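# Sequence first, then the predicted structure, then my questions.
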Amino acid sequence: MSVGGTVKDELAVPPSGEPAPRKSRGEAHPLVVIALSFVTAIIVGGILIAVTNQPTRNAVRHFSASPGKVLSAAWHAVSAAYVALFEGAIFDPHTFGHGSVWHDFNPISETLYNATPLILVGLAVGLAFRTGLFNIGAQGQLIVGAMAAGYVGFTWHLPPFIHLVVAIVAGAIAGAIWGGIAGWLKARTGAHEVITTIMMNYVALDLLDYALKTSAFRRPGSNQAISPIVYGTARLGKLLPSPLRVNLGLLIALAATAGVAWLLTRSRLGFTLRAVGASPTAARTAGMNVGRAYVTAMLIAGGLAGLAGCSQILGGGTNYALTNAVDAGLGFDGITVALLGRAKPWPTVWAGLLFGALRAGSATMQSRTGTSIDLVTIVQALVVLFIAAPAFVRAVFRLRSSSDSGAAALAKGWNG
Amino acid sequence: MKLELRGITKRFGSLVANDHIDLVVQPGEIHCLLGENGAGKSTLMNVLYGLYAPDDGQILVDDVVTTFTGPGDAMAVGIGMVHQHFMLIPVFTVAENIMLGHEDTRGPGGFGWLDQRAARRKVADVSKRFGLAVPPDALVADLPVGVQQRAEILKALARDAKVLVLDEPTAVLTPSEIDDLITVMRKLRDAGTSIVFISHKLKEVKAIGDMITVIRRGRVVGQPAVSSTEQELASLMVGRPVQLTVEKAAAHPGAVVLDVEGLRVVDAAGVVQVDDVSFSVREGEIYAIAGVQGNGQTEVTECLVGLETPTAGRISVLDNDVTTSSVRDRLDLGIGYVPEDRSHDGLVSSFSVEENLVLDMHESPAFAGRFGLDMAAIDANGAARVAEFDVRAESARVAASTLSGGNQQKVVLARELSRPLKLLIVAQPTRGLDVGSMEFVHKRIVRERDERTAVVLISTELDEVLGLADRIAVMYQGRIIGELPGGSSAAAVGLLMAGSVADAAEVVDAPQTTGAAIFEPVDGAEPPEVPGSARGAGS
């Protein structure tokens, strides 16, 4: 061992002499990149609004006569759409003061209501991701969760609170089993979870279609693919007076977030899951059971997605009845939410709230300005695209990148 | 060609990787660049090769100031680089690889046919001119590493390199291949090619260098004479007196801890990787498994730890049959394991140092309750181990990936030695480590032996094996082809590593070898006798 003097000496310099791949001063914080990705997506979305806006296109036709009109028409279209988006999601001056005080909170309530399943699905994808699994199957897990919770909700008769608890537990277990199958297949046979979870999505979708044709699930007297309505005893209670839709599901989602946060940072199991996710070989060498970790992670992830299904069916997302629209694209938005939240529990909540706001506002935007609801999907997709290609955002905004130059990366591994 | 670096400075943020480095390479000179990992050798060579632009200083080629904007410029003036990891395409032939990037074509414009014949002729020419024999039509993947390296050198020479930079060229070679390389380098030098030889191995530098420049922490700290002792070179390189030879008392082996019988591993492709390997290791001794990389040692190691299940054979530890036990069960029996590839298997790079220090014990009562982790205990353990093992890190909370190789290895070692061990398995414990860390790791391994742990050392480094081992087994093509007592001659072990049993026996039998070293070729069919070491008889 070295003598004391040299120790201090050496400590004065960074532990590795060569530039290790770590954050240098002035490098952009990942949050900045995410925020700028969002801004860029909004700007590109704005261009799309302008291009597809009829008055703006008319103005372009008469461009030589009055060029200024094009800009003003475009500005009008874009600002109107985004203002409506904001009004639908946060605060609406048009309805302010009309009706009860609670009514003024409707946009916020809608945002929270839409965010609830997004947060849960985001956690389902994020937790699996931290274990090194790309869970594309949140859709299927959500569907079977909703089926189980719905079946308990509209078939069984149980006392108020107990009925709700049983329905939620049923939904979570069904989702867990669905996710667990993919985990088990990976652990036992090495089947890639991306393939298996996608296939499990198709199975769940068709299972739902089939179930809605059986007497167990079909609403008596209806020849549409719709189930009976969930009894009041099994519904998630509203947090605010009707008709505000935000419900107990939000509290469940926040509790799940706290639970996942504890699991990942403070628990024995979470340590194993993170180790397996970051380096399966090192985890295996350290005596961890990698296969079991995969199964466990997928069970929990599936359970979380199943809870999202509960929030849909028991929270009134499809008017308390099971239809084949119960997924509502949540399964895939969950991947986006998890990505935006960098697979960390509390940031996932913020990402869920943001996407919830976009969902809530898009309806108002379409009804007031005629801008297609699909625009929001495009903005969401662009956000993901820009986050996935941070080099692009860095280049656009002239941010410093993490490495000295491209050549530095090339030089990696040379006698370093 | 005369090459001069004048006052080269390269900064990365606040870190000065190269601090006013001056270096002159004369025509026809082998100039050794000696320094620890992270001393700035690579950065300097990347500057020379045009990959980094220096913040300050000049590069002079034949006394003319030159600027490189990329490797192409460097190649154009005649600087050739042979990287530590070869830049060859395995499924191409040697000739194809050598011509890659400036192929001869026939036919019109840029869409001509490849002129294979011209390529082969050119390769044969260069090969003959420099006396470097390569089979031009062999696929690179089929060639031994030493020949691949020769092809890499030829690639540079075919582009008229006047200065050849060899980056740690011996790391992947067998002792005899190293001798071949040295011959080749001398030949090239005599033909007028200058060579910059980058290394942290003292023996090689002394054997081959015309000039030695020592770099420490980005600065040139001296140009010692080639006649300096290894001790002097090491001290200069590390900046403090270093002990090169491992100090250890005689071993006193006790009861058998590890017993391996008839181990056989056949891989998925049906290739026999390990063929009927048997040995046993006693408490208080270091049993070394030597051999050139890829002769089955890795598979044996993985079987011992439980990462691989043998096709046949039996492994027992302290009379427990563990042949099919899980890794966890083996760790719980008191097996410690320092894997060959520490950053891949030994550590979770993105985890903090303190998390890595409990990687294989985070579920033990010391660090966890029924469900939760005891963060305070993990914290305290981290601080204690970092201090005890002198891990140079800002704190135990930084990611393991920010540590240098030597410090990462200390973390792995600290973790494994913090459990009470019966059997310690260390694979390539000093690969890529500098002299200072090497000394530390070796001392700890010997200390563990002295605390009555049985130690299995798997190493490709001849010096390490000779310095540490109480008994030496040499693996060749999946078999243990010989077992020698500690203190055997380098020649004997080296020849066995090259697979020549008869020659090795001759060397061992020769009168100059020390002590009662009796060479026993081990017959693969029957389990070998454990030769009771003469020194161990007392226990």
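Right, received. Where do you want to start?

# And the pLDDT at the residue of the stretch 51-200 of chain B found nearest chain A?
Among the residues of the stretch 51-200 of chain B, B:Leu51 lies nearest to chain A; the distance is 4.4 Å by Cβ to the nearest Cβ. Heads up, the C-betas are built off the backbone N, CA and C, glycines and all. As summarised for this prediction, B:Leu51 has a pLDDT of 86.

# That one reaches B:Pro71, doesn't it?
Yes. Between B:Leu51 and B:Pro71 there is a contact at 6.4 Å, judged by Cβ atoms under 8 Å.

# and these two? which has more neighbours close in?
Each of B:Leu51 and B:Pro71 had its neighbours counted (other Cβ atoms under 10 Å in any protein chain shown), and the higher figure belongs to B:Leu51 (22 against 16).

# Is that one in a helix, a strand, or coil?
Recorded secondary structure, B:Leu51: coil (DSSP: H, G, I helix; E, B strand; the rest coil).

# tally of neighbours for B:Gly369?
Neighbouring residues of B:Gly369 were enumerated by other Cβ under 10 Å; the total is 10.

# Relative to B:Asn381, how far out is it?
In this structure, B:Gly369 and B:Asn381 are 15 Å apart, going by Cβ to Cβ, to the nearest Å.

# Which helix or strand in chain B has the lowest average pLDDT?
For chain B, the helix or strand with the lowest mean confidence is helix B:501-509, at a mean of 69 (criterion: mean pLDDT, DSSP states H and E).

# got the residues of the stretch 201-350 of chain A near chain B?
By the criterion of Cβ under 8 Å from any Cβ of the partner chain, the positions of the stretch 201-350 of chain A lying close to chain B are A:262, A:266-269, A:271-272, A:274-275, A:278-279, A:281-289.

# max-length helix in chain A?
helix A:160-189 (DSSP state H).

# which ones are touching A:Val44?
By Cβ atoms under 8 Å, 6 or more residues apart in numbering or on different chains, the residues touching A:Val44 are A:Val379, A:Leu382.

# 6 Å instead, please
Counting by Cβ atoms under 6 Å, 6 or more residues apart in numbering or on different chains, A:Val44 makes contact with A:Leu382.

# Which residue, neighbours along the chain excluded, lies closest to B:Leu114?
Sequence neighbours aside, B:Glu103 is the residue nearest to B:Leu114 in space, at 5.6 Å (criterion: Cβ to Cβ, 6 or more residues apart in numbering or on different chains).

# how deep is that neighbour tucked in, by neighbour count?
Taking other Cβ under 10 Å as the neighbour definition, B:Glu103 ends up with a count of 14.

# so how far is B:Ala118 from it?
Between B:Glu103 and B:Ala118 the distance, using Cβ to Cβ, works out to 9 Å.

# I'd say A:Ala351 and A:Val337 touch.
Yes. With contacts defined as Cβ atoms under 6 Å, A:Ala351 counts as touching A:Val337 at a distance of 4.6 Å.

# Mind checking which of the two has more residues around it?
Neighbour tally, A:Ala351 and A:Val337, criterion other Cβ under 10 Å: the higher count belongs to A:Val337, 34 against 27.

# now the closest residue to B:Asp137 other than its chain neighbours, which residues is it bridged with?
Using Cβ to Cβ, 6+ apart and skipping residues adjacent in sequence, the residue nearest B:Asp137 is B:Thr93, 5.3 Å away. The partner list for B:Thr93 in beta bridges (DSSP bridges) reads B:Leu139.

# how near is B:Thr93 to B:Leu139?
Where B:Leu139 is concerned, B:Thr93 sits at a distance of 6 Å (Cβ to Cβ).

# Neighbour count for those two, which is higher?
Between B:Thr93 and B:Leu139, counting by other Cβ under 10 Å, B:Thr93 is the more crowded of the two (21 against 15).

# how far away is that one from A:Ala73?
Distance from B:Thr93 to A:Ala73, counting by Cβ to Cβ: 65 Å.

# can you map out the strands along the stretch 251-400 of chain A?
Secondary structure of the stretch 251-400 of chain A (DSSP state E, counting those that start in this stretch): strands at A:321-323.

# picking up where we left off before, what distance do you get for the residue of the stretch 51-200 of chain B closest to chain A to B:Gly499?
Computed as Cβ to Cβ, the B:Leu51 to B:Gly499 distance reads 39 Å.

# How about A:Thr296?
Distance, A:Thr296 to B:Gly499, using Cβ to Cβ: 47 Å.

# Could you do A:Gly68 as well?
With distances taken as Cβ to Cβ, A:Gly68 is found 86 Å from B:Gly499.

# same deal with B:Ser228?
Between B:Ser228 and B:Gly499 the computed distance is 35 Å (Cβ to Cβ).

# repeat for B:Asn18
Between B:Asn18 and B:Gly499 the computed distance is 43 Å (Cβ to Cβ).

# The two: which has the busier surroundings?
Neighbours were tallied for B:Asn18 and for B:Gly499 using other Cβ under 10 Å; the higher tally belongs to B:Asn18 (28 against 17).

# mind checking which helix or strand the more buried one is in?
strand B:15-25 (DSSP states H and E).

# That strand packs against which elements?
The helices and strands touching strand B:15-25, judged by 3 or more Cβ pairs under 6 Å, 6 or more residues apart in numbering or on different chains; DSSP states H and E, are strand B:3-12, helix B:41-48.

# Looking at that strand now, give me its mean pLDDT.
Taken as a whole, strand B:15-25 carries a mean pLDDT of 89.

# Please name the strands paired to it in the sheet, noting orientation.
Note on strand B:15-25: by DSSP bridges, its sheet partners are strand B:3-12 (antiparallel).

# could you pull out the helices for the stretch 301-450 of chain B?
If DSSP state H, counting those that start in this stretch is used as the criterion, the helices of the stretch 301-450 of chain B fall at B:327-332, B:353-356, B:375-388, B:405-417, B:435-450.

# what's around B:Gln243, how many residues?
As a burial measure, the neighbour count of B:Gln243 was computed by other Cβ under 10 Å and equals 12.

# my bad, should have said B:Pro135
Neighbour count for B:Pro135, taken as other Cβ under 10 Å: 15.

# what's the distance between it and B:Asp142?
Applying Cβ to Cβ, the value for B:Pro135 to B:Asp142 is 9 Å.

# again, but for B:Arg120
According to Cβ to Cβ, B:Arg120 stands 17 Å off from B:Asp142.

# circling back to that earlier point, just send the helices of the stretch 301-450 of chain B back as JSON lines, with mean neighbour count, mean pLDDT and distance to B:Pro27 too.
Below are those laid out as JSON lines (neighbours: other Cβ atoms under 10 Å in any protein chain shown; pLDDT from 0 to 100; distance: least, Cβ to Cβ, whole Å):
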{"stretch": "helix B:327-332", "mean neighbour count": "18", "mean pLDDT": "95", "distance to B:Pro27": "56"}
{"stretch": "helix B:353-356", "mean neighbour count": "26", "mean pLDDT": "96", "distance to B:Pro27": "48"}
{"stretch": "helix B:375-388", "mean neighbour count": "16", "mean pLDDT": "95", "distance to B:Pro27": "49"}
{"stretch": "helix B:405-417", "mean neighbour count": "24", "mean pLDDT": "91", "distance to B:Pro27": "35"}
{"stretch": "helix B:435-450", "mean neighbour count": "21", "mean pLDDT": "91", "distance to B:Pro27": "31"}
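
# Can you say which of the ones you listed is nearest to A:Ser372?
Taking Cβ to Cβ as the measure, the helices of the stretch 301-450 of chain B were each checked against A:Ser372, and helix B:353-356 came out nearest at 48.1 Å.

# quick one: low-confidence parts of the chain?
Here I'm looking at chain A. Residues of chain A meeting the criterion pLDDT under 70: A:1-28, A:400-416.

# meant chain B, my bad for not saying
B:107-112, B:172, B:507-539.

# how about a cut-off of 50?
Using pLDDT under 50 as the threshold, the predicted model of chain B has low-confidence ranges B:511-539.

# Residue 197: helix or strand, and which one exactly?
Assuming you mean chain A. A:Thr197 belongs to helix A:193-211 when elements are defined using DSSP H and E.

# You answered for a different chain; I wanted chain B.
Element membership of B:Phe197, judged by DSSP H and E, is strand B:194-199.
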